[in-house]
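kindly generate the corresponding structure for this input.
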Amino acid sequence: MALGIIVLAAGKGTRMRSGRPKVLAPLAGRALLAHVLTAARELSPDLLSVVIGHGAESVRQSCEAEDVRWVEQREQLGTGHAVQQALPGMPDTHSVLVLYGDVPLVTSATLQSLVDRSASESCLTLLTTRMDNPAGYGRIVRNQGNGIEAIVEERDASEAQRAITEINTGLMAAPAGKLRRWLDAVGNNNAQGEYYLTDVVALAVADGETVAGVEADPAEVAGVNDRAQLARLERRYQRRQAEAAMAAGVTVLDPARLDIRGSFSAGEDSELDVNVVLEGDIRLGKRVRIGAHCHLRDCELGDGVQVLPFSHLDGVKVAAGVSIGPYARLRPGTELGEGARVGNFVEIKNSRIGVDSKINHLSYIGDTTMGANVNIGAGTITCNYDGVNKHHTTIGDDVFVGSDTQLVAPVELGDGATIGAGSTITRNAPPEQLTLTRVRQQTLRGWRRPRKGGQN
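As a prediction, the model looks like this:
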């Protein structure tokens, strides 16, 4: 049966105390709504509609996609009214799945179970869960045949009903034609004057229809109403990510101190130390070791790479057997050849470093192509920016650059060139030759350093 998904994302989220709509609050580096849409897409819906209201344009821009139909709820008149705005254009023969933009951890497997149950029995199906302390939630009341006969809000519940631990999550699936009919009959005779989606349960029961339930893990269906809840969901999400990594053969030294904010894959026997943050698209080979307090974004690391503590890598591609850090900063456009070594307090930007080349200490390499077996001495910098334009440095194979050297681009060092320590190189250095720019050392005899108090 064809599937239409409606995501409710029109609320402001007053308790978040934020200038942005609640559904744009970040979880693992992405908006809450983006997580919901990811799960929804895994069901391959024929129609995917998002109902927006507060901050509609910012929500649309943040999650703009060709497969999303944006529906604006100009007046926020309740969840039932919101679903009604998205039903026009939805054929009666479709199944409809209703999701919430602030419930980001629900899995596609759970949603598929909900849809399948509704479609197989052509009935209204609710996603429920059980809580040890269900205070504040609507209780699911079942009949003797285990069908759902009512949702009773706590304020209206009897003592026996308050003892029920099964609660309503708000997520549901139903045949589009039936849902449309029930919503048309929903009234707003309540304190808020709103049209509640949950009122369709009583209408379905009154029609003699079956109302079924699919039970979910409470961790999947938790919503976000304030920043404390957002923080709790962040840790739940990260724990899920850590467990998935460990199941794939990655050692995570402390699952409570790992943040994965994007897509991640790693080969077997890789290791992530404490307080590692991984953003964007991260691809690690086998036996990769990421040290404590490292931050990686959009990186691809080959087999056997070591990233030592406190290193930052952004937009980097690294071949096998490379050692990086500690305290290294590799910026976008950096590519490191097999066996290269980048040491402490080294910054590299938009540069290709050749096989087995070494930049071990306190250096800056920018806009550079470097060959194989190059040794860059401590304190070397490429002077690639003239205040307006960036210029390129080319370093051949087997070059040795002495410490405290400035390479003023554009400049080329030929294969096998040696640059004397303390040099400022402004012209091309020929291959297999020593090039240096030192001045003659002098000692001024009889000179004395000035002293305080007029002492000699």
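
does Arg142 really touch Ile148, like I thought?
Yes. Using Cβ atoms under 8 Å, Arg142 is in contact with Ile148, at 5.7 Å. Quick note: C-beta positions are derived from backbone N, CA and C, even for glycine.

neighbour count for the two, which is higher?
Under the neighbour definition other Cβ atoms under 10 Å, Arg142 and Ile148 were set side by side, and Ile148 has more, 23 against 16.

residues contacting the more buried one?
By Cβ atoms under 8 Å, 6 or more residues apart in numbering, the residues touching Ile148 are Leu126, Ile140, Val141, Arg142, Val201, Val205, Val211, Ala212, Gly213.

biggest helix in this structure by residues?
The longest helix of the chain (DSSP state H) is helix 227-247.

number of nearby residues for the residue lying closest to Arg69 once chain neighbours are set aside?
Using Cβ to Cβ, 6 or more residues apart in numbering and skipping residues adjacent in sequence, the residue nearest Arg69 is Ser49, 4.6 Å away. Using other Cβ under 10 Å, Ser49 has 23 other residues around it.

dump the residue contacts of Ser49.
Gly4, Ile5, Ile6, Val7, Val68, Arg69, Trp70, Val71, Ala86, Met90.

one more: Leu32?
With Cβ under 8 Å, 6+ apart, Leu32 has these contacts: Lys22, Val23, Leu24, Ala25, Pro26, Gly101, Asp102, Pro104, Val224.

most neighbours, which of those?
The most crowded member of those, judged by other Cβ under 10 Å, is Val23 (31 neighbours).

separation between that one and Thr129?
According to Cβ to Cβ, to the nearest Å, Val23 stands 21 Å off from Thr129.

what about the stretch 251-400 of the chain, any weak spots by pLDDT?
Along the stretch 251-400 of the chain, the model assigns pLDDT under 70 to no residue.

show me where the chain has helices.
32-41, 56-62, 79-86, 108-121, 159-162, 176-185, 199-206, 227-247.

what sits in contact with each of Arg142 and Ile148?
Contacts common to Arg142 and Ile148, judged by Cβ under 8 Å, 6+ apart, are Gly213.

thought Val98 was touching Val83?
Yes. Under the criterion of Cβ under 8 Å, Val98 makes contact with Val83 at 6.0 Å.

overlap in contacts of these two?
Joint contacts of Val98 and Val83 (Cβ under 8 Å, 6+ apart) are Ile6, Leu8, Leu197.

Val98 and Val83: which has the busier surroundings?
Val83 (27 against 24).

next one: that one from Leu8, what distance?
Noted for Val83: a distance of 7 Å to Leu8, by Cβ to Cβ.

determine the residues that are contacts of both of those two.
Val51, Val98.

sorry, back to before: ok, which pair from the contacts of Ile148 is furthest apart?
Val141 and Ala212 (13.8 Å; Cβ to Cβ).

mind checking which of the contacts of Ser49 are in strands?
Gly4, Ile5, Ile6, Val7, Arg69, Trp70, Val71 (DSSP state E).

does Met16 touch Arg227 like I think?
Yes. Taking contacts as Cβ under 8 Å, Met16 lies within contact range of Arg227: 6.4 Å.

which of the contacts of Leu32 lies closest to Ala39?
Nearest to Ala39 out of the contacts of Leu32 is Pro104 (Cβ to Cβ; 8.2 Å).

surely that closest one meets Leu24?
No. If you go by Cβ under 8 Å, Pro104 and Leu24 don't touch, sitting 11.6 Å apart.

mutual contacts of those two, please.
What both Pro104 and Leu24 touch, as defined by Cβ under 8 Å, 6+ apart, is the set Leu32, Leu33.

any idea how far the residue nearest to the spatial centre of the chain lies from Asp314?
With distances taken as Cα atoms, centre = their mean, the residue of the chain nearest its centroid is Arg261 (2.7 Å). Taking Cβ to Cβ as the measure, Arg261 and Asp314 are separated by 13 Å.

same question for Asp67.
If you go by Cβ to Cβ, the gap between Asp67 and Asp314 works out to 30 Å.

repeat that for Val68.
Taking Cβ to Cβ as the measure, Val68 falls 30 Å from Asp314.

Leu111: which of the contacts of Ser49 is nearest?
When those are compared against Leu111 (criterion: Cβ to Cβ), the nearest one is Ile5, at 8.5 Å.
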